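In: Curious how this folds, go ahead:
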Amino acid sequence: MITYTEEKIFTKTQVEELFLSINWLSGRFPDRLFKALLNSSTVITAWDGDELVGLIRVLDDTSMMAYINYVLVKPSHQKMNIASTMLNIVKEKYKDFLYIEVMLEDKKVLPFYQKNGFSEMSDGTGALIRNLNIK
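Out: Now for the predicted structure:
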């Protein structure tokens, strides 16, 4: 069973292994990556027992804008709805913000974000959720 938490209980080694499992450059800088995650506004992690299998990092301005910086799941745990579950946690946490934005490094992942309620930005460089009906 996969469990999710916003507590920053991960270790530097766990983070390094997760990022390197999908060949992300950030994993080659474990000290910087660990420090960055600890100082991020929100980090949602997914756990299979004591194994870190997924992570979303969010930077926010405390009121209007939340920027999703990382969404990653270990290859061994992909196609298990982990990324969508973490996105739903983020969307609930930031439901009172005007924008929840994610920048896309590769447009082929846009359908995933659209399936999860995001709309393509007009310039095509990202996707966002606009909550213009909040006060």
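
In: Excluding sequence neighbours, find me the nearest residue to S84.
Out: N116 (5.6 Å; CB to CB, 6 or more residues apart in numbering). Yep, even glycine has a C-beta here, placed from its N, CA and C like the rest.

In: and what of L52?
Out: Of all residues not flanking L52 in the chain, Q14 sits nearest, at 4.2 Å (CB to CB, 6+ apart).

In: how about that neighbour, secondary structure?
Out: Recorded secondary structure, Q14: helix (DSSP: H, G, I helix; E, B strand; the rest coil).

In: Mind telling me what element the most centrally placed residue in the chain is part of?
Out: Centroid-nearest residue in the chain, with CA atoms, centre = their mean: I56, separated by 2.3 Å. Take DSSP states H and E as the rule and I56 turns out to sit in strand 51-60.

In: Please tell me how far the helix or strand just after that strand is from the chain's geometric centre.
Out: Counting by DSSP H and E, the next helix or strand C-terminal to strand 51-60 is strand 65-73. Relative to its chain's centre, strand 65-73 lies at 3 Å (CA atoms, centre = their mean, to the nearest Å).

In: One more: stretch 46-55?
Out: Its chain's average C-alpha position is 14 Å from that of stretch 46-55, according to CA atoms, centre = their mean.

In: and what of stretch 72-91?
Out: Taking CA atoms, centre = their mean, one finds the center of stretch 72-91 at 9 Å from the center of the full chain.

In: No more questions from me, cheers.
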